[in-house]
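> need coordinates for the following:
(2 chains)
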Amino acid sequence: MDYSKQIQDIAAKLFADGKIDVFVGYRMNSFDDNQIPVVITDPKEVAELVFTEKSVFNLTNYLKADHTRNKRVGLVVKGCDSRSLNLLLTESQVKREKLYIIGIACEGVVDDKGQKMQNCVECIVPDAVVFDEMLGTPKGIRDYIVNADIIELAGKGLVERREYFEQIFENCIRCNACRHSCPLCYCAKCCIDQETATIYNGSNTSSSAFHALMTWSLHLAGRCVDCRNCEKACPSHLPLHLLHKQNEKVIYDNFQNHLAGVEEGDRGAFYKYSLKDPDDFIL
Amino acid sequence: MSFSTFVTDKTGLQKLYEAIISKHETYAPVEKFGKYDYKKVSSLKECDPDSPIAMTMSVKPLFFPRASKIMKYEANSSGTTIMETDEDPLAGKRVVLGVKHCDARGLQVLDAVNKWDYIDSDFLKRRANTVIFSTRCDKADTHCFCTSLDYDLEKLDALDVAVVNGSDGKIYLQARTGKGDIFLKENSDQSTMYDVQNTMDDVRSTKYEEDMKKQYIAFTGSFRLKMDYKDVNEKMAKRFDSPAFEEASRNCVSCNTCAFICPTCHCFKISDEKIKDTGVRYKSYDSCNNVYFTLEAGGHNPRPAKFRRWRQRSMHKFVYYKERFGVNLCVGCGHCAISCPVNISIFDVVNHVANSPASS
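Residues are numbered from 1 along each chain as shown, chains lettered A, B, ... in the order given. Now for the predicted structure:
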């Protein structure tokens, strides 16, 4: 999977035609074979752009940055990235006409050690679902599979599960990197940053980490697209996917196989009403 | 004043570690999710004092915890009572094993700010009560650049005992402070280790010197990143208005990870955990990369843009702190770049800025 040349050509053409102000893509690290995101405003830098199986970061995260706000943006998206983009479009965070999207029929990306990312093994929608131009051959939607760790987690009792998560969150340093690197966390002021709220205090204790991460994961329930930006950003290497994947599985099972952002105009499981929604909790 | 140097071998060192762990409150790198963090240990099996540098969190939290209680308060109709916390930051003697030299230097740098203006007695007492055992890196990691920033083992006062591997399987335990000297003498086991000074012979000592020199040359040779920090300091001071800050910080996601894991970043915030009329006041980490860091009560934010925050961060590290305390607020450990989700290195940023055209 190497679309570097195609992406360079497309970006150069877009800049030449004056269709975009900014291009968000990947470039090589200066020191190893890993890649970092790059925000290009100068057409001369287009030659730096690459796209291989090392292009891991979900670039839709940059759509909330100052550099891209209210600008015409060219963007590279993989399957999972395009799902988050779909949600951002539905939630009016970006305007479709301001974007030029290069969709990738993704074959899965690899981590620093060259191993295929777990979310790519489990990937359901490898092809970009929203795009202006598609690179690669689309492979269609795959079956929904869940990894063993989630099944194991689901098998645990509530108390046991709480203890398990408490033990995980003990290592959280509350830097909020997970939230900042999440493309779908764009609230102008996050509930966990409210200075005046007494329900959530800003101290970096384990209990507030537990509270913050649980609140965060519930806010993303039915919206998380499993791009794992959060997990990659976490300096403590916490398995944050356990929260999101567990939520995703519960929603998939209960809300008519709902997967966030796959369809255009999808509003997320909790934001739309269907007669088939479970109501067994109503007394 | 010279301090004692002990010689031992691998098993001797392990025995010493075990003895320390059984006698004292000991902290050492413990692995969790592939990341090493300094945790309290009860046996040598739990921890790895030779943890890989790229996977190790800084030792800072043991001295400046990510959240520490400052005080407790209680309000009733007759007024507010302020109480001491139940947390005792000045606990008895403790030992930290396997501290990297860059981390120890971080503490040394932090001493300056904690002894200045407001004297942070909690931090200083934690420092005074802790004996630090180091491990020596043989090789630099991808993002290391400590040798570019005044790395000098001789000046490293924050280390109490330096553990150095000799070339012939010998391990040298070098006390570097009075505290470390006393501790080492108290805990050394005569059957497995001996004092170089007591059984001094010139051959060994010359060999030791040679070993060190050779190791140091090999060590410095393994660095990918090198900079002339004096030049950088000078150039950075003249480039406050440089557009290079904007260019270098463009792909930053403002996630604060760099500051939280940095061995020298020391900004904090004060927050209250309140239940009805009682509460605890906490001092927790904060970061200048955070949008809310400079947000004022009236709603004005002097640093709303990302590049302004990056400018503050890099200028504080390489200009302001240097002007005030004579050292850079960066020890070149590279932890920020390792943990950064988009691989931004402070090294790249300051170099990019320093090499950009000077502003008028």
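> flag every residue of the stretch 51-200 of chain A that's near chain B.
Taking Cβ under 8 Å from any Cβ of the partner chain as the measure of proximity, the stretch 51-200 of chain A contacts chain B at A:57, A:61-62, A:65-67, A:171, A:173-177, A:179-181, A:193, A:195, A:198. Every C-beta, even on glycine, is put in place using the N, C-alpha and C of the backbone.
> of the residues you listed, buried ones?
Buried subset of these (neighbour count, 16 or more other Cβ atoms under 10 Å in any protein chain shown): A:57, A:61-62, A:65, A:67, A:171, A:173-177, A:179-181, A:193.
> sitting in helices, which of those do you find?
A:A177, A:R179, A:H180 (DSSP state H).
> now do the strands in the stretch 51-200 of chain A.
When secondary structure is read from DSSP state E, counting those that start in this stretch, the stretch 51-200 of chain A shows strands at A:73-77, A:99-104, A:133-135.
> which one of the ones you listed lies closest to B:C265?
For B:C265, the closest of the strands of the stretch 51-200 of chain A is strand A:73-77, at 32.4 Å, according to Cβ to Cβ.
> got the angle for that closest one vs strand A:99-104?
Inter-element angle recorded for strand A:73-77 and strand A:99-104: 20 degrees (by axes from the mean of the first three to the mean of the last three Cα atoms, to 10 degrees).
> contacts for strand A:73-77?
Strand A:73-77 has contacts (Cβ atoms under 8 Å, 6 or more residues apart in numbering or on different chains) with A:7, A:10-11, A:14, A:19-26, A:51, A:55, A:59-60, A:62-63, A:85, A:94, A:98-104, A:128, A:130-131.
> which of those residues count as buried?
Neighbour counting with 16+ other Cβ under 10 Å marks A:7, A:10-11, A:14, A:20-26, A:51, A:55, A:59-60, A:62-63, A:85, A:94, A:99-104, A:128, A:130-131 as buried within the contacts of strand A:73-77.
> just how off-centre is stretch B:341-353 within its chain?
Distance of stretch B:341-353 from its chain centroid, counting by Cα atoms, centre = their mean, to the nearest Å, is 19 Å.
> one more: stretch A:182-189?
Chain-centre distance of stretch A:182-189: 11 Å, with Cα atoms, centre = their mean.
> stretch B:259-275 too?
Counting by Cα atoms, centre = their mean, stretch B:259-275 comes out at 16 Å from the chain centroid.
> buried residues, that stretch. List them.
Residues B:A259, B:F260, B:I261, B:C262, B:P263, B:T264, B:C265, B:H266, B:F268, B:K269, B:S271, B:E273 are the ones in stretch B:259-275 that count as buried (16+ other Cβ under 10 Å).
> check the secondary structure at the nearest residue to the fifth one once chain neighbours are set aside for me.
Ranked by Cβ to Cβ, 6 or more residues apart in numbering or on different chains and with sequence neighbours excluded, the top spatial neighbour of B:P263 is B:G106, at 2.8 Å. Secondary structure of B:G106, reduced to three states by DSSP: H, G, I helix; E, B strand; the rest coil: helix.
> and the pLDDT at A:E170?
Listed pLDDT for A:E170 reads 85.
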